[in-house]
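J.: can't give you the sequence, but here's the structure:
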């Protein structure tokens, strides 16, 4: 078995080395990363960290305030675009590549295909976004195959809901959001009848906190009548969106990260994943699902991995910030123990605040024990967000995004740590952080106890540990004792090893010399049922003892 480690890169930002960083700057001011920045050397370095999959965020063409009309790409009205660069989750053409990412805009699809080939040559599998719930307000495909009818092309907009419409409408009402519809243009943005907004806002006047730049797609659920499903005959949207999945699967990608998957009915996913996986058996689907009560129905509908956000992520964040004891981690994994191999663990992504930001832990080192535990305690996948491994703080005021502890997804920008890492100008602390991330990821990828082994949580017999977390991993003769320390000072701890662990893992009582895989430190231990082993744990770190 292979441990999956996904490296999320915000494609527009990753390779951008322009350090102008003008607030609300244009593409001309601040520059933009390209697909070509992921050259063979860069991709090999990413793979060498222990990464198995790379998620290129923002590949499909989305709304932007940059004018590409010279290339035949319809210009977007700035009133319905968030930020100068625009959100990658407001798709304008499901069959096209974001022109910002291309060296030659006319060859943007070819450049993407070359990126997929280079990634595979480096030993990396490729994941891209699929955004199924909503599209940009001015969606219009110019790259769709000739046989395909565009979204909304055959809709009857006199009906608020129709099972075969692609959108939901507000008949007789003009789009009237909270903001000025001109936004510096001579002509206002006009939409009549207004379409429903992406975050299930079904009137014509979305507010500031709504996804006002998007339009909700209709999968045959009548929200106006109280969420009544109309799935027979198969809704037109189901067929169109499945065709889009097949279009990208044919490009040789290895998986889709499906945005807000739970806002689309599980019945559609069961239909679409069955069609796609029949042709592309190894292709994976990753679901952004936040409701734990829905996890199992979306897995049954064909998803391979689901975000573990409200369970493991929220728990790890609370433990890091000393709002919960380390034993809360045990409760978190127990909630999904029956589906544990399908839960995707992460500590950062484009939606969440950076660990090192003032809004989270204010210190990247505080994420290290959580990272060690997240990577090593189960066989399930782990996701890393580019810059996390260097302690990126996300404390820039980029423009539309504002200073919120997140790395912007709306603005043209460059990421300080990624720029300096490329120039070999990391601080000592940043280099040390990177080194430990890489060590732990390689342990996770290469050690049989992690890739193939079973887990044994030791916290139920270690109630005295409030800021430490301990577990065993074992496969055949390969045995690991992992203990992490969330305290910001060294801790001397006694870790109890219960009789049940010896029986369950078939461990023999004996004296051993343990080696810490992180530091090569050696420690004599006596493995004895219902006895303890004493060790010193570094501040905000841990030990991975190979016994």
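T.: The structure has been received and is ready for your questions. The model shown is predicted, which means the values in this text are computed figures rather than measured ones.
J.: can we go C-alpha only for contacts and neighbour counts from here?
T.: Fine.
J.: Now residue 482: closest residue in space that isn't a chain neighbour?
T.: Nearest non-adjacent residue to residue 482, counting by Cα to Cα, 6 or more residues apart in numbering: residue 544, 4.6 Å away.
J.: my read: that neighbour touches residue 517, true?
T.: Yes: using Cα atoms under 8 Å, residue 544 is in contact with residue 517, at 5.5 Å.
J.: Which one's more surrounded, these two?
T.: Per other Cα atoms under 10 Å, whichever of residue 544 and residue 517 has more neighbours is residue 544, with 25 against 16.
J.: would that one count as being in a helix?
T.: No: the assignment for residue 544, made by DSSP: H, G, I helix; E, B strand; the rest coil, is strand rather than a helix.
J.: hang on, residue 93 in a strand?
T.: Yes: Residue 93 forms part of a strand when assessed by three-state DSSP.
J.: how many neighbours does it have?
T.: Residue 93 has 24 nearby residues by other Cα under 10 Å.
J.: could you point out the longest helix in the chain?
T.: Ranked by residue count and defined by DSSP state H, the top helix of the chain is helix 428-446.
J.: And that one, what's buried?
T.: Neighbour-count burial for helix 428-446, counted by 16 or more other Cα atoms under 10 Å, picks out 430-431, 433-445.
J.: go on, stretch 460-474?
T.: By 16+ other Cα under 10 Å, the buried positions in stretch 460-474 come out as 462, 465, 466, 467, 468, 469, 470, 471, 472, 473, 474.
J.: now for the helix or strand residue 135 falls within, which elements pack on it?
T.: Using DSSP states H and E, residue 135 maps to strand 134-136. Counting contacts by 3 or more Cα pairs under 8 Å, 6 or more residues apart in numbering; DSSP states H and E, strand 134-136 is packed against strand 91-97, strand 214-216.
J.: from the ones you listed, which stretch is densest packed?
T.: Across the helices and strands packed on strand 134-136, averaging neighbours per residue (mean count of other Cα atoms under 10 Å) puts strand 214-216 on top, at a mean of 27.
J.: Tell me the gap between that one and the middle of its chain.
T.: Centroid separation between strand 214-216 and its chain, computed with Cα atoms, centre = their mean, to the nearest Å, is 21 Å.
J.: how far out from the middle of the chain is the helix or strand just after it?
T.: Per DSSP H and E, the first helix or strand lying C-terminal to strand 214-216 is strand 221-222. Computed by Cα atoms, centre = their mean, the chain-centroid distance of strand 221-222 equals 28 Å.
J.: where exactly do the strands run in the stretch 201-350 of the chain?
T.: 214-216, 221-222, 228-229, 255-258, 284-287, 305-307, 343-346 (DSSP state E, counting those that start in this stretch).
J.: ok, so what distance separates residue 299 from residue 76?
T.: Distance, residue 299 to residue 76, by Cα to Cα, to the nearest Å: 37 Å.
J.: quick one, what contacts the most centrally placed residue in the chain?
T.: Residue closest to the average C-alpha location in the chain (Cα atoms, centre = their mean): residue 349, at 5.1 Å. By Cα atoms under 8 Å, 6 or more residues apart in numbering, the contact set of residue 349 is 8, 384, 385.
J.: how near is it to residue 472?
T.: From residue 349 to residue 472 the distance is 28 Å (Cα to Cα).
J.: Then residue 137?
T.: According to Cα to Cα, residue 137 stands 51 Å off from residue 472.
J.: Repeat that for residue 158.
T.: Distance of residue 158 to residue 472, computed by Cα to Cα: 62 Å.
J.: do the same with residue 78
T.: Per Cα to Cα, residue 78 is found 54 Å from residue 472.
J.: just residue 181 next, same as before
T.: Look at residue 181 and residue 472: by Cα to Cα, they are 59 Å apart.
J.: Could you give the separation of the strand or helix carrying residue 480 from the chain centroid?
T.: Assigned by DSSP H and E, residue 480 belongs to strand 478-485. Per Cα atoms, centre = their mean, the displacement of strand 478-485 from the mean C-alpha position of its chain is 27 Å.
J.: Also stretch 126-135?
T.: 12 Å.
J.: what residues does it touch?
T.: Stretch 126-135 has contacts (Cα under 8 Å, 6+ apart) with 53-60, 89-92, 116, 119-120, 197-198, 214-217, 241, 245, 253-261, 263-264.
J.: can we see that at 6 Å?
T.: With contact meaning Cα atoms under 6 Å, 6 or more residues apart in numbering, stretch 126-135 is reached by 53-56, 90-91, 198, 214-217, 253-259, 264.
J.: Then stretch 396-404?
T.: If you take Cα under 6 Å, 6+ apart as the criterion, stretch 396-404 is touched by 23, 24, 83, 395, 408.
J.: how many neighbours does the third one have?
T.: Around residue 83 sit 24 other residues, with neighbours defined as other Cα under 10 Å.
J.: That one belongs to a helix?
T.: No: using three-state DSSP, the secondary structure at residue 83 is coil, not a helix.
J.: so what's residue 544 up against?
T.: For residue 544, the contact set (Cα under 6 Å, 6+ apart) comprises 481, 482, 516, 517.
J.: pLDDT value on the last one, please?
T.: In this case it means residue 517. At residue 517, the pLDDT value in this model is 98.
J.: Contact partners for it?
T.: For residue 517, the contact set (Cα under 6 Å, 6+ apart) comprises residue 544.
J.: how about 10 Å then?
T.: By Cα atoms under 10 Å, 6 or more residues apart in numbering, the contact set of residue 517 is 439, 440, 443, 480, 543, 544, 545, 546.
J.: In this structure the fifth one contacts residue 484, no?
T.: Meaning residue 543. Yes: Residue 543 is in contact with residue 484 according to Cα atoms under 10 Å; the separation is 6.3 Å.
J.: what's the overlap in contacts for the two?
T.: Contact with both residue 543 and residue 484 is made by residues 369, 372, 470, 537, according to Cα under 10 Å, 6+ apart.
J.: Mind picking the two most distant members of those?
T.: The span of the shared contacts of residue 543 and residue 484, defined through Cα to Cα, is set by 372 and 537 at 13.2 Å.
J.: Tell me which of the two has more neighbours.
T.: Ranked by neighbour count (other Cα under 10 Å), residue 372 and residue 537 place residue 372 first, with 24 against 20.
J.: tell me the phi and psi of that one?
T.: When read as degrees, to the nearest 10, the backbone of residue 372 gives phi -60, psi -50.
J.: What of the one 10 residues further on?
T.: With angles defined as degrees, to the nearest 10, residue 382 shows backbone torsions of phi -130, psi 150.
J.: Pull the contacting residues for it.
T.: 3-7, 51, 307-308, 343-347, 371, 374-376, 441, 444.
J.: okay, it: pLDDT?
T.: Reported pLDDT for residue 382: 98.
J.: Over to the one 5 residues further on?
T.: With respect to pLDDT, residue 387 has a value of 98.
J.: All further residue positions should be reported with the first residue as 59.
T.: With the count now opening at 59, the last piece we talked about shows up as residue 445.
J.: and it, what does it touch?
T.: 66-67, 72, 406, 412, 451-452, 465, 473-477, 479, 492.
J.: And for residue 340, the neighbour number?
T.: 11.
J.: just the one 10 residues further on next, same as before
T.: Counted with other Cα under 10 Å, residues neighbouring residue 350 total 16.
J.: Touching, it and residue 390? I think so.
T.: No: judged on Cα under 10 Å, residue 350 makes no contact with residue 390 at a distance of 11.3 Å.
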